[in-house]
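K.L.:
Got a predicted model here, sequence first, then my questions.
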Amino acid sequence: MATERRISILLIYTGGTIGMVENPTTGALEPFDFAYLQDNVPELRRLGCDISSVAFTPPLDSSAIAPEDWTRLVDIIAEHYDRYDGFVVLHGTDTMAYTASALSFALEGLAKPVVFTGSQLPVGKLRTDGKENLITAIEIAAARDEAGQPRVPEVALFFENYLMRGNRTSKVSADQFSAFDSYNYPHLAYAGIEIRYHDAAIKRDALGQTLRPHRSFDPNVAVLKLFPGITREVVQSLLSLPSLKGVVLETFGSGNAPMLPWFLEALEAAVARGVVIVNVTQCVTGYVDMMRYETGMLLQRMGLVSGRDSTTESALTKLMYLFGRGYSPQEVKQQMALPLRGEMTLEPTAEDFGRETYIYRR
């Protein structure tokens, strides 16, 4: 009688708090040796799946993560894609939402789970959240539905009980275990006594597709956050950078900005040069509606693109991805207005944005 094949998971350690342990002699934090992962986290043996690991050498603090490191992750996943059923990426929390967003775009046709996780305390600490996050992320990456298909075939992020779409997340706390949230999209799963999957929210349209990895990210983009009193010099110095290709403009409310002539002229000049400017809201919930107020309509006529309910992290990495593909500014504008990997809602209605129906809260 043939034995059922065991699920195989590849653990990728990039760096970050979760991979640190305390030296019992000196008390200093040192990188964890993932070659002995199951010796140090024996609970993993009870998951019933085969776990292998690879690690960045040396491990990177997440504040040092750069686009070339996203490319390294893409290479690792693409190289091992046919040999593993799922992937868990251990990453520092500070830039995890950026990396998860970037990989969601770069891994076109992804039909297997890529689950990001990390922790606020090292895995060797007594009160660590790292062990629970690690175990649950692996269990989610290994989960299959009744048809034997991956339960979550997309780039996701698990942290403190909640699984979220990677390109919908933001880090919301520097010192709480609940460090991430997805304000404008439902959580994909809740891990309590059982893991309850929110199947209607999980992206499954790539099942059966072939992975098409993309490895180039263009870093010639920037974020411009508006604030009362922002000066002409600040705006013009950024928008006039010769190498600038794209800007995420964090506006007020549903997409509003000051109607100052010098400000509008600076935006118009940048757009005329081919700079793609994406309008996202500074608010943690809601979306940009450039047809709601006169300011938004003017910005739209000037050629700004509505980011709808995209996070800043998602909009920025999407720009880097699209320009990295070699698209023209006009092509980038067209793609920025469309949801490529579930990162934005095209035309949300008032009902969609109700607390009960759209913002799937705790």
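P.N.:
Nice, I can see it.
K.L.:
now the stretch 51-200 of the chain, which segments are flagged as low pLDDT?
P.N.:
Along the stretch 51-200 of the chain, the model assigns pLDDT under 70 to residues 123-127.
K.L.:
Which stretches in it count as strands?
P.N.:
86-90, 107-108, 114-117, 155-159, 162-165, 170-171, 180-181, 189-191, 195-197 (DSSP state E, counting those that start in this stretch).
K.L.:
Tell me which other helices or strands the third one touches.
P.N.:
In this structure, strand 114-117 packs against strand 86-90, helix 96-106, helix 130-142, strand 155-159, with contacts taken as 3 or more C-beta pairs under 8 Å, 6 or more residues apart in numbering; DSSP states H and E. Where C-beta positions appear, they are placed from N, C-alpha and C, glycine not excepted.
K.L.:
how about 6 Å then?
P.N.:
strand 86-90, helix 130-142, strand 155-159 (3 or more C-beta pairs under 6 Å, 6 or more residues apart in numbering; DSSP states H and E).
K.L.:
quick one, helices of the protein?
P.N.:
Counting by DSSP state H, the chain has these helices, from start to end: 37-40, 67-80, 96-106, 130-142, 232-239, 261-272, 294-302, 312-324, 329-336.
K.L.:
Nearest to Y162, out of these?
P.N.:
helix 130-142 (10.0 Å; C-beta to C-beta).
K.L.:
related to what we said a few turns ago, now the helices of the chain in TSV, with mean neighbour count?
P.N.:
TSV is the format used below for these (neighbours: other C-beta atoms under 10 Å):
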stretch	mean neighbour count
helix 37-40	14
helix 67-80	18
helix 96-106	28
helix 130-142	23
helix 232-239	15
helix 261-272	16
helix 294-302	16
helix 312-324	26
helix 329-336	18
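K.L.:
Count the residues that sit near the closest residue to L103 other than its chain neighbours.
P.N.:
Of all residues not flanking L103 in the chain, V155 sits nearest, at 5.2 Å (C-beta to C-beta, 6 or more residues apart in numbering). For V155, the count of nearby residues is 28 (other C-beta atoms under 10 Å).
K.L.:
do F252 as well
P.N.:
15.
K.L.:
Just grab the bridge partners of it for me.
P.N.:
Beta-bridge pairing for F252 (DSSP bridges): N256.
K.L.:
That one and A270, how far apart?
P.N.:
Going from F252 to A270 by C-beta to C-beta, to the nearest Å gives 19 Å.
K.L.:
Tally up the residues packed near the nearest residue to G326 once chain neighbours are set aside, please.
P.N.:
Nearest residue to G326, sequence neighbours excluded (C-beta to C-beta, 6+ apart): S216, at 7.9 Å. Neighbour count of S216, defined by other C-beta under 10 Å: 15.
K.L.:
Test my guess that S216 contacts G324.
P.N.:
Yes: between S216 and G324 there is a contact at 3.6 Å, judged by C-beta atoms under 6 Å.
K.L.:
V41 and I135, how far apart?
P.N.:
7 Å.
K.L.:
As a markdown table, the strands of the stretch 51-200 of the chain with distance to V278 would be great.
P.N.:
Formatted as a markdown table, the strands of the stretch 51-200 of the chain follow (distance: least, C-beta to C-beta, whole Å):
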| stretch | distance to V278 |
| --- | --- |
| strand 86-90 | 26 |
| strand 107-108 | 20 |
| strand 114-117 | 23 |
| strand 155-159 | 20 |
| strand 162-165 | 19 |
| strand 170-171 | 16 |
| strand 180-181 | 22 |
| strand 189-191 | 29 |
| strand 195-197 | 32 |
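K.L.:
of all these, which lies closest to I277?
P.N.:
Closest approach to I277 among those (C-beta to C-beta): strand 170-171, 20.8 Å.
K.L.:
For that closest one, which outside residues touch it?
P.N.:
93, 97, 179-180, 311 (C-beta atoms under 6 Å, 6 or more residues apart in numbering).
K.L.:
Tabulate the residues you listed (TSV), appending distance to R151.
P.N.:
What follows is these, written out as TSV (distance: C-beta to C-beta, whole Å):
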residue	distance to R151
T93	24
A97	22
A179	24
F180	20
T311	24
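K.L.:
For T231, state which of those residues is nearest.
P.N.:
Using C-beta to C-beta, the shortest approach to T231 within those belongs to T311, at 26.6 Å.
K.L.:
residues touching the closest one, list them.
P.N.:
Residues near T311 by C-beta under 6 Å, 6+ apart: S170.
K.L.:
So V221 is in contact with Y321, correct?
P.N.:
No: contact criterion C-beta under 6 Å: V221 and Y321 do not qualify, at 10.2 Å.
K.L.:
Check N23 and give its pLDDT.
P.N.:
N23 carries a pLDDT value of 70.
K.L.:
Could you report the neighbour count for G255?
P.N.:
Applying other C-beta under 10 Å, I find that G255 has 27 neighbouring residues.
K.L.:
can you tell me how far it sits from V276?
P.N.:
16 Å.
K.L.:
This structure - how does it break down into domains?
P.N.:
Domain assignment of the chain by automatic domain parsing yields the ranges 8-213, 221-336.
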